[in-house]
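S.K.: what follows is a predicted protein model with its sequence.
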Amino acid sequence: MVCIVRPGGAGGGYSESMIDVSALGAVETIAIGAGGVGGVGNSPGSTGGTSSFGGVVSAPGGDGGSAVEISGVALDAVSGVPGPGAGTGQIAQGGGGGGAIRLSGTQALAGAGGESRLGHGGYPRASEGPGTTTRGYGGGAGGSLSFGGDVAGLDGGKGIVIIELYG
């Protein structure tokens, strides 16, 4: 029996700024980043979208879980994708990454999804199955685990924009 274990996707970044209402335009553009799409077969997942408010605050989405491990039975550990760098804002930080390990052709641990400031990544899995779901906003999906066939990943968590006005 062969085993393919995948790292989870990276969690999205977090950015925050305090903006006086008088500095805002009549119309401001808000974008909510979509979660990255889970990989299928031996393809990596896609990068999540950027969430932003105007041209002032933006937080990047995390990269999808990579397809770095080939099928096999030997001990193997793979690094997941690193979390994205910080976006723009007065407070800005990147998200978390993940990894995975194969012990044999029948024992492995797929990677947990990366954490974000407002959401948790999917849990790591030791049984065959698809990636695991996120909780909250911006977390990366957990990696998939296969003992001989193609098992799809899951989509990462979508972004969020929270606006609190003052002034």
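M.R.: Noted; the coordinates are in hand. Numbering: from 1, shown residues only.
S.K.: quick one: the helices in the protein?
M.R.: Ranges of helices in the chain, per DSSP state H: none exist.
S.K.: just list the residues touching the residue most central in space within the chain, thanks.
M.R.: Centroid check for the chain by Cα atoms, centre = their mean gives Gly140 as the closest residue, at 2.5 Å. Contact analysis of Gly140 by Cβ atoms under 8 Å, 6 or more residues apart in numbering lists 8-12, 36, 62, 64-65, 95-96, 98, 113-116, 121-122, 134, 156-157. (Each C-beta comes from the backbone N, C-alpha and C, glycine too.)
S.K.: ranges for the strands of the protein?
M.R.: 4-5, 14-16, 30-31, 51-53, 57-59, 76-79, 91-93, 99-102, 108-109, 119-120, 135-136, 145-146 (DSSP state E).
S.K.: let me see the mean pLDDT of the fifth one.
M.R.: It refers to strand 57-59. For strand 57-59, mean pLDDT rounds to 96.
S.K.: likewise for the second one?
M.R.: In this model, strand 14-16 carries a mean pLDDT of 95.
S.K.: show me the contact partners of it.
M.R.: 57-59, 86-93, 95, 116-118, 138.
S.K.: likewise the fourth one?
M.R.: Outside of strand 51-53, the residues that reach it under the criterion Cβ under 8 Å, 6+ apart are 12, 28-33, 58-59, 61, 87, 138, 159-161, 163.
S.K.: out of those residues, which is most surrounded?
M.R.: Gly12 (41 neighbours; other Cβ atoms under 10 Å).
S.K.: just give the nearest non-adjacent residue to that one, would you?
M.R.: Gly138 (3.5 Å; Cβ to Cβ, 6 or more residues apart in numbering).
S.K.: pretty sure that neighbour contacts Gly11?
M.R.: Yes - in this structure, Gly138 is within contact of Gly11 by Cβ atoms under 8 Å, at 5.8 Å.
S.K.: joint contacts of those two?
M.R.: In contact with both Gly138 and Gly11: 62, 95, 116, 119, 156-157, using Cβ under 8 Å, 6+ apart.
S.K.: sorry, back to before: format the strands of the chain as JSON lines; extra columns: distance to Ala152.
M.R.: Putting the strands of the chain into JSON lines (distance: least, Cβ to Cβ, whole Å) gives the following:
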{"stretch": "strand 4-5", "distance to Ala152": "12"}
{"stretch": "strand 14-16", "distance to Ala152": "28"}
{"stretch": "strand 30-31", "distance to Ala152": "27"}
{"stretch": "strand 51-53", "distance to Ala152": "25"}
{"stretch": "strand 57-59", "distance to Ala152": "27"}
{"stretch": "strand 76-79", "distance to Ala152": "18"}
{"stretch": "strand 91-93", "distance to Ala152": "30"}
{"stretch": "strand 99-102", "distance to Ala152": "16"}
{"stretch": "strand 108-109", "distance to Ala152": "17"}
{"stretch": "strand 119-120", "distance to Ala152": "21"}
{"stretch": "strand 135-136", "distance to Ala152": "20"}
{"stretch": "strand 145-146", "distance to Ala152": "10"}
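S.K.: great, nothing more from me.
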